[in-house]
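[1] Sequence plus the predicted model coming up.
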Amino acid sequence: MAAPIVRRVIKFAGWLVLALAVLLAGVIALNWDTVRRTVLGGYHTHEVEPPDLPAGLQGSAVLAFSKTNAFRHEDAIPAANQLLKDIAKARGWGFFATENSAVFSPQILSRFDAVVFNNVSGDSLSEAQEAALRAFIEGGGGFVGIHAAGDGSIPWDWYRERVIGAKFTGHPMDPQFQQARVEVESAGHPSTRGLSPAWNRTDEWYSFEASPRAAGVHVLLALDEASFPNHKAFGKDLAMGSDHPIAWWRCTGSGRVFYTAMGHQASAYGEPEMAAMLAGALDWTMGKQRPDCPAAR
């Protein structure tokens, strides 16, 4: 009597496992792009044919790059590009947005005053393209990095050490998005000039292995960690304590570099403070305002 029951239980368990396997395969298939980007190491594609630049691109100009070979901030990227475009238009600058990595050549970069990495992630540039960007920055070009541009997914040591200047360790989960108090540390920089001394906003708050506060790195904005409750992700404590920068500037060679860890959600780019900060950051990296960086030799 027991044997048939055992066989039925085993058969049922087998069908259950099969059903779960089919369900899991279906979920993976439906979300394959996300799985590939976040679990399986992302993509490694680099364009070789450059895009056509807009006709009449003359004078000061901004290049916004948003290629994502790892996690993609689907909603934030177009929102940020629109804000950047509006800032450029208001100042009479040219503007070009692309996800084509072949734009990173000495010839094309010579047409721009600043490059914005708008939530760029993963292995998005070939070695030759990396070399072109490095020469552009060190030779006096401006650079603005937004949010994912500093999430550690870009496999380029020089970029992490000499551009971002901090090693990403993660962001809190459960909840992923929290309201926190942002405090201005340096009110004299164009990116922070006119901002309130402190304000509350919601974002996905990045943590770093160590503060980038060091010789040549100037902190602009910092988080008050006491203002948000959760500093953990999957049991890992990401708290940085009393020194938790989220925006800073530095000189890399002769280039002006600005980075902010804020900007995960599209709504961020509709906030007056975020818009003012990025407008000031562009004013500075485009070379329109001081402080200066050493002149190229």
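    Arrived safely, thanks for sending.
[2] Could you look up the SS state of Lys89?
    Classification of Lys89 using DSSP: H, G, I helix; E, B strand; the rest coil returns helix.
[3] Quick check: it touching Phe95?
    Yes - with contact defined as C-beta atoms under 8 Å, Lys89 counts as touching Phe95 (6.9 Å). C-betas here are computed from N, CA, C, even on glycine.
[4] out of these two, which sits in the more crowded spot?
    Set Lys89 next to Phe95 and count neighbours by other C-beta atoms under 10 Å: Phe95 wins out with 21 against 11.
[5] how much space is there between that one and Leu83?
    11 Å (C-beta to C-beta, to the nearest Å).
[6] swap in Ala180?
    21 Å.
[7] before we move on, what about Ser267?
    Distance, Ser267 to Leu83, using C-beta to C-beta: 12 Å.
[8] more neighbours, the two?
    Ranked by neighbour count (other C-beta under 10 Å), Ser267 and Leu83 place Leu83 first, with 21 against 14.
[9] State the pLDDT value of the more buried one.
    Here, the pLDDT recorded for Leu83 equals 99.
[10] quick one: contacts of the helix or strand where it lies?
    Element membership for Leu83 (DSSP states H and E) is helix 76-91. Helix 76-91 is contacted from outside by 60-62, 64, 66, 68, 94-95, 97, 116, 118-119, 146-147, 263-270, 274-275, 278-279, 282-283, using C-beta atoms under 8 Å, 6 or more residues apart in numbering.
[11] Pull out the buried residues from it.
    Across helix 76-91, burial judged by 16 or more other C-beta atoms under 10 Å covers 76-77, 79-81, 83-85, 87-88.
[12] cool, stretch 138-157 as well?
    Buried residues in stretch 138-157 (16+ other C-beta under 10 Å): 138, 140-156.
[13] what's the span of it, first residue to last?
    Distance between the two ends of stretch 138-157: 15 Å, counting by C-alpha to C-alpha, to the nearest Å.
[14] Also stretch 59-76?
    End residues of stretch 59-76 are separated by 28 Å (C-alpha to C-alpha).
[15] buried stuff in it?
    Those would be 60-73, 76, for stretch 59-76 by 16+ other C-beta under 10 Å.
[16] Let me know the average pLDDT across that stretch.
    Here the average pLDDT along stretch 59-76 is 98.
[17] Can you name every helix or strand that the helix or strand encompassing Gly145 contacts?
    Using DSSP H and E, Gly145 maps to strand 142-146. Contact partners of strand 142-146 among helices and strands, from 3 or more C-beta pairs under 8 Å, 6 or more residues apart in numbering; DSSP states H and E: strand 114-118, strand 255-260, helix 272-285.
[18] so where do the strands sit in the stretch 151-297 of the chain?
    168-170, 178-184, 198-203, 207-208, 217-224, 232-233, 236-237, 245-252, 255-260 (DSSP state E, counting those that start in this stretch).
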